[in-house]
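Asks: next one to model:
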Amino acid sequence: MKDSMTFEEQVEQIAEALLADFPGQKSKTEFRVLQYQGASFEGGGSAASPFDPVPIANTLRRLGDQFNADLERPAREVIEAEGRKFKENVETLSKTWTIQNPELAYEKAFLVVAVKLFRYIAKKARAVAQPRLLTEAINAAPEVRHYIERQGGWEILENRRGQNNP
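Replies: Model (predicted):
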(Lines give C-alpha, C1' and ligand atoms only; values in the text may rest on other atoms or scores of the structure.)
Protein backbone atom coordinates (compact mmCIF):
# COMPACT_ATOMS: atom_id res chain seq x y z
CA MET A 1 0.00 0.00 0.00
CA LYS A 2 1.12 3.54 -0.72
CA ASP A 3 0.11 4.91 2.68
CA SER A 4 1.75 4.76 6.11
CA MET A 5 -1.58 3.78 7.70
CA THR A 6 -2.15 0.10 8.37
CA PHE A 7 -4.76 -1.86 6.48
CA GLU A 8 -6.84 -2.08 9.66
CA GLU A 9 -6.72 1.71 10.14
CA GLN A 10 -7.82 2.22 6.54
CA VAL A 11 -10.75 -0.19 6.95
CA GLU A 12 -11.83 1.65 10.11
CA GLN A 13 -11.82 4.99 8.28
CA ILE A 14 -13.80 3.50 5.39
CA ALA A 15 -16.40 2.14 7.84
CA GLU A 16 -16.71 5.57 9.44
CA ALA A 17 -17.07 7.20 6.02
CA LEU A 18 -19.87 4.76 5.16
CA LEU A 19 -21.77 5.99 8.21
CA ALA A 20 -21.06 9.68 7.68
CA ASP A 21 -24.21 10.34 5.68
CA PHE A 22 -26.55 9.05 8.41
CA PRO A 23 -28.10 11.65 10.72
CA GLY A 24 -26.49 11.91 14.13
CA GLN A 25 -23.26 10.19 13.09
CA LYS A 26 -20.37 11.21 15.28
CA SER A 27 -17.19 10.23 13.52
CA LYS A 28 -13.62 10.32 14.80
CA THR A 29 -12.51 11.19 11.30
CA GLU A 30 -12.56 14.87 10.44
CA PHE A 31 -14.08 15.21 7.00
CA ARG A 32 -13.16 17.85 4.50
CA VAL A 33 -15.14 18.97 1.47
CA LEU A 34 -13.77 17.94 -1.90
CA GLN A 35 -14.87 19.29 -5.23
CA TYR A 36 -15.06 16.68 -7.96
CA GLN A 37 -16.65 17.48 -11.32
CA GLY A 38 -18.87 20.11 -9.74
CA ALA A 39 -20.17 17.83 -6.98
CA SER A 40 -19.28 18.13 -3.33
CA PHE A 41 -18.09 15.07 -1.43
CA GLU A 42 -16.97 14.76 2.16
CA GLY A 43 -13.40 13.55 2.43
CA GLY A 44 -11.22 12.22 5.24
CA GLY A 45 -7.68 12.54 3.97
CA SER A 46 -5.21 14.86 5.61
CA ALA A 47 -1.93 16.53 4.80
CA ALA A 48 -0.10 13.85 6.78
CA SER A 49 -1.95 11.01 5.05
CA PRO A 50 -2.99 10.96 1.39
CA PHE A 51 -5.48 8.15 2.12
CA ASP A 52 -9.04 9.36 1.61
CA PRO A 53 -11.69 6.81 2.69
CA VAL A 54 -14.66 8.69 1.25
CA PRO A 55 -14.21 7.88 -2.46
CA ILE A 56 -13.60 4.26 -1.49
CA ALA A 57 -16.75 4.23 0.67
CA ASN A 58 -18.68 5.74 -2.27
CA THR A 59 -17.39 2.98 -4.57
CA LEU A 60 -18.36 0.32 -2.06
CA ARG A 61 -21.83 1.89 -1.74
CA ARG A 62 -22.28 1.75 -5.53
CA LEU A 63 -21.20 -1.89 -5.57
CA GLY A 64 -23.60 -2.63 -2.72
CA ASP A 65 -26.46 -1.01 -4.61
CA GLN A 66 -26.09 -3.77 -7.21
CA PHE A 67 -26.82 -6.40 -4.57
CA ASN A 68 -30.53 -7.24 -4.65
CA ALA A 69 -30.74 -10.11 -2.13
CA ASP A 70 -33.28 -9.93 0.65
CA LEU A 71 -31.47 -8.41 3.63
CA GLU A 72 -34.37 -8.24 6.07
CA ARG A 73 -33.79 -11.63 7.78
CA PRO A 74 -29.99 -11.34 8.06
CA ALA A 75 -30.27 -7.72 9.22
CA ARG A 76 -32.87 -8.66 11.84
CA GLU A 77 -30.56 -11.43 13.11
CA VAL A 78 -27.63 -9.01 13.39
CA ILE A 79 -29.76 -6.38 15.12
CA GLU A 80 -31.25 -8.88 17.58
CA ALA A 81 -27.78 -10.25 18.35
CA GLU A 82 -26.50 -6.67 18.74
CA GLY A 83 -24.03 -7.12 15.91
CA ARG A 84 -22.58 -10.49 16.87
CA LYS A 85 -23.89 -12.26 13.76
CA PHE A 86 -22.70 -9.69 11.24
CA LYS A 87 -19.63 -11.52 9.93
CA GLU A 88 -21.46 -14.87 9.91
CA ASN A 89 -24.29 -13.42 7.80
CA VAL A 90 -21.86 -11.66 5.46
CA GLU A 91 -20.01 -14.93 4.85
CA THR A 92 -23.23 -16.90 4.24
CA LEU A 93 -24.74 -14.31 1.89
CA SER A 94 -21.42 -13.91 0.03
CA LYS A 95 -21.12 -17.65 -0.57
CA THR A 96 -24.74 -17.85 -1.72
CA TRP A 97 -24.33 -14.90 -4.07
CA THR A 98 -21.08 -16.33 -5.48
CA ILE A 99 -22.79 -19.68 -6.17
CA GLN A 100 -25.64 -17.86 -7.93
CA ASN A 101 -23.17 -15.68 -9.89
CA PRO A 102 -20.12 -17.87 -10.65
CA GLU A 103 -18.40 -15.05 -12.54
CA LEU A 104 -18.25 -13.04 -9.31
CA ALA A 105 -15.16 -13.41 -7.12
CA TYR A 106 -15.93 -14.34 -3.50
CA GLU A 107 -13.83 -11.45 -2.21
CA LYS A 108 -15.79 -8.91 -4.24
CA ALA A 109 -19.07 -10.50 -3.14
CA PHE A 110 -17.89 -10.32 0.48
CA LEU A 111 -17.18 -6.59 0.18
CA VAL A 112 -20.47 -5.89 -1.56
CA VAL A 113 -22.53 -7.89 0.93
CA ALA A 114 -20.68 -6.47 3.94
CA VAL A 115 -21.27 -2.88 2.84
CA LYS A 116 -24.89 -3.44 1.84
CA LEU A 117 -25.77 -5.26 5.08
CA PHE A 118 -23.84 -2.69 7.16
CA ARG A 119 -25.73 0.22 5.60
CA TYR A 120 -29.06 -1.59 5.83
CA ILE A 121 -28.51 -2.19 9.54
CA ALA A 122 -27.53 1.47 9.96
CA LYS A 123 -30.90 2.48 8.49
CA LYS A 124 -32.85 0.05 10.67
CA ALA A 125 -30.91 0.24 13.95
CA ARG A 126 -28.24 2.93 13.88
CA ALA A 127 -26.97 2.10 17.38
CA VAL A 128 -26.05 -1.45 16.27
CA ALA A 129 -24.18 -0.33 13.13
CA GLN A 130 -20.90 0.60 14.74
CA PRO A 131 -17.83 0.83 12.45
CA ARG A 132 -16.31 -2.12 14.31
CA LEU A 133 -18.84 -4.48 12.65
CA LEU A 134 -17.49 -3.80 9.18
CA THR A 135 -13.91 -3.38 10.39
CA GLU A 136 -13.87 -6.69 12.24
CA ALA A 137 -15.56 -8.58 9.39
CA ILE A 138 -13.09 -7.35 6.76
CA ASN A 139 -10.03 -7.61 8.98
CA ALA A 140 -10.98 -11.20 9.95
CA ALA A 141 -11.20 -12.25 6.30
CA PRO A 142 -7.59 -12.66 5.12
CA GLU A 143 -8.69 -13.61 1.61
CA VAL A 144 -10.47 -10.25 1.27
CA ARG A 145 -7.44 -8.38 2.57
CA HIS A 146 -5.15 -10.23 0.14
CA TYR A 147 -7.59 -9.52 -2.69
CA ILE A 148 -7.49 -5.78 -1.96
CA GLU A 149 -3.70 -5.83 -1.61
CA ARG A 150 -3.34 -7.78 -4.91
CA GLN A 151 -5.42 -5.07 -6.59
CA GLY A 152 -2.95 -2.47 -5.29
CA GLY A 153 -4.85 -1.30 -2.19
CA TRP A 154 -8.06 0.54 -1.47
CA GLU A 155 -7.05 3.45 -3.70
CA ILE A 156 -6.92 1.17 -6.75
CA LEU A 157 -10.36 -0.21 -5.89
CA GLU A 158 -11.74 3.34 -6.01
CA ASN A 159 -9.90 4.18 -9.23
CA ARG A 160 -11.28 1.09 -10.98
CA ARG A 161 -14.90 1.71 -9.98
CA GLY A 162 -16.08 2.04 -13.57
CA GLN A 163 -14.75 -1.41 -14.42
CA ASN A 164 -16.43 -4.72 -13.63
CA ASN A 165 -13.71 -5.90 -11.23
CA PRO A 166 -12.44 -3.67 -8.44
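
Asks: CA only for contacts and neighbour counts going forward, please
Replies: OK.

Asks: per-residue pLDDT, the residue nearest to residue 106 when sequence neighbours are not counted?
Replies: Nearest non-adjacent residue to residue 106, counting by C-alpha to C-alpha, 6 or more residues apart in numbering: residue 98, 5.9 Å away. pLDDT, residue 98: 91.

Asks: before we move on, what about residue 1?
Replies: 44.

Asks: just the one 4 residues further on next, same as before
Replies: You'll see residue 5 listed with a pLDDT of 87.

Asks: could you shift the numbering so residue one becomes 42, and keep it that way?
Replies: That works, and once the first residue is 42, the last one we named lands at residue 46.

Asks: ok, so what distance separates it from residue 192?
Replies: 17 Å (C-alpha to C-alpha, to the nearest Å).

Asks: give me the phi and psi for the closest residue to residue 94 other than its chain neighbours.
Replies: Nearest residue to residue 94 in three dimensions, chain neighbours excluded: residue 55, at 4.8 Å (C-alpha to C-alpha, 6+ apart). Phi and psi for residue 55, reported as degrees, to the nearest 10, are phi -60, psi -40.

Asks: do the same with residue 114
Replies: phi -60, psi -50.

Asks: over to residue 157?
Replies: Torsion angles, degrees, to the nearest 10, at residue 157: phi -60, psi -50.

Asks: quick one: it and residue 103 touch, right?
Replies: No. Look at residue 157 against residue 103 with C-alpha atoms under 8 Å: they stay out of range, at 9.4 Å.
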